[in-house]
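Visitor: Kindly generate the corresponding structure for this input.
(one chain, ligands or ions: 2)
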Amino acid sequence: MKAAIVGATGYGGIELIRLLHNHPEVKKIAVFSSSQEGKTMAESYPHVSEIIDETLEDINVEHLKHHDVVFLSTPPGVSADLTGQLVPGTKVIDLSGDLRLKDASVYEKWYGRSSAETSLLEKAVYGLTEWRKEEIEKTDLLANPGCYPTAVLLGLAPLVKEGAIDANQVIIDAKSGTTGAGRSLNAITHFSEMNDNFKVYKVNEHKHTPEIEQELSGWMQENATVTFTPHLVPMTRGIMATMYAPLHKGWTEQNVKEIYDKAYSDKTFVRVRKSGTYPFTKEVYGTNYCDIGVTVDERTGRITVVSVIDNLVKGASGQAVQNMNVMFGLPEETGLYSVPIYP
Ligand SMILES: NC(=O)C1=CN([C@@H]2O[C@H](COP(=O)(O)OP(=O)(O)OC[C@H]3O[C@@H](n4cnc5c(N)ncnc54)[C@H](OP(=O)(O)O)[C@@H]3O)[C@@H](O)[C@H]2O)C=CC1
Ligand SMILES: CC(=O)N[C@@H](CCC(=O)OP(=O)(O)O)C(=O)O
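Guide: Residues are numbered from 1 along each chain as shown. Ligands and ions are numbered 1, 2, ... in the order given. Next comes the predicted model:
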């Protein structure tokens, strides 16, 4: 397979290069840039010197079409424009939020910009791989989920789908490492602001709120609204989403455990911890795993779900490669097996 990456100089892009370079079916990786045409990847990222020789090319739709799959790892607004020129004909995986929200007015409200064309929104499959495999197999346009929604939705899916909780009652408290904000420097993430600090941001205003609500609403078959509070913590990679909700009557730690096992025992990349044990971000570092810990407080009747991912892997490029595998009829784990880097 020949793969193209637009936005290769960003963090999502360089992580795609790392994963695709190790993928047994990918024989060529072409890299595209809107600002660094003619430079080598090693000029931006010396750690790939003598491993990745590719030179960055100007973004040219005709050239992109010569690849079996095009990854768009670009800021909002870019893929809405490019995708329409590539599909049908070329398989496209969009890592941005441009095609995730099916209601254009919701996108416009939360992203503050015009949405992609309705025909593209209708065509794009929301690629939460573990729950959308049959649709992903058939599509040539994939909207890769956001990092926070990946951790949150994988953590909540068994409970919402089995009717153990009302998604409207869910409170999501999530923390991310700074690579979630991309490579560009800004005052929020620079060292002096971030080191020795723990920041809350975009309370009730984060663009991942409608994405989470869209998927929960589909599972509940009624509109769901959630409280979602993101935080930035001084670490490079990783997301921990801690979710709280009251359990419906009759649900116990035992039958909750059973629905998680039923949902995920055959899913390679979701690991459910033993009762009373919880995952840490470092335990998935550099891998496509989502690790989940669940506990029920019998005093309050509330459940606590802890879900961790590496934002750049399962939260972005790893899930994108997992989706590529499914779109091309390969085992979804192809090229993605690895042991977390620990400590
Ligand atoms: N970082 C993360 O954890 C996650 C990121 N995402 C999403 O993935 C996408 C990429 O994120 P990330 O890699 O972190 O961001 P970065 O800021 O690190 O990289 C984005 C890249 O996009 C390219 N770019 C900028 N403007 C344009 C343009 N007008 N046309 C084409 N390319 C452009 C830039 O490369 P150049 O100047 O060389 O063209 C840049 O390197 C974003 O939509 C992000 O929201 C999704 C999930 C998680
Ligand atoms: C730590 C941090 O800043 N994270 C980013 C999430 C990045 C992301 O996944 O955004 P997309 O939905 O565009 O893909 C944020 O909160 O905006």
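Visitor: Which single residue in this protein comes nearest to ligand 2?
Guide: residue 180 (2.9 Å; Cβ to the nearest ligand atom). In this view, the C-beta of every residue, glycine as well, is placed from N, C-alpha and C.
Visitor: any idea how far that residue lies from residue 233?
Guide: 10 Å (Cβ to Cβ, to the nearest Å).
Visitor: picking that back up, residue contacts, the residue of the chain closest to ligand 2?
Guide: Applying Cβ atoms under 8 Å, 6 or more residues apart in numbering, one finds that residue 180 lies in contact with 147, 232, 239, 311, 315.
Visitor: Could you pull up the residues touching the first one?
Guide: Read it as residue 147. 176, 180, 208, 239, 309, 311, 315-316.
Visitor: Most neighbours of all the residues you listed, which one?
Guide: residue 309 (35 neighbours; other Cβ atoms under 10 Å).
Visitor: mind listing what it touches?
Guide: With contact set as Cβ under 8 Å, 6+ apart, residue 309 has these partners: 147, 150-151, 154, 238-239, 284, 289-291, 315.
Visitor: for it, phi and psi?
Guide: Residue 309 adopts backbone torsions of phi -140, psi 170, taken as degrees, to the nearest 10.
Visitor: need the strands for the protein, in chain order.
Guide: Remark: strands assigned in the chain by DSSP state E are 2-6, 28-33, 57-58, 69-72, 91-94, 125-126, 141-143, 171-176, 199-200, 227-232, 239-246, 270-272, 290-297, 302-309.
Visitor: which other residues reach the third one?
Guide: Around strand 57-58, the neighbours that count as contacts under Cβ under 8 Å, 6+ apart are 30-33, 37, 63.
Visitor: Would you mind checking the residues you listed for buried ones?
Guide: Applying 16 or more other Cβ atoms under 10 Å to the contacts of strand 57-58, the neighbour count classes 30-33 as buried.
Visitor: quick one: which of the residues you listed is nearest residue 117?
Guide: Nearest to residue 117 out of the buried ones among the contacts of strand 57-58 is residue 32 (Cβ to Cβ; 22.2 Å).
Visitor: Quick check: that closest one touching residue 64?
Guide: Yes: Residue 32 lies in contact with residue 64 (Cβ atoms under 8 Å); the separation is 7.1 Å.
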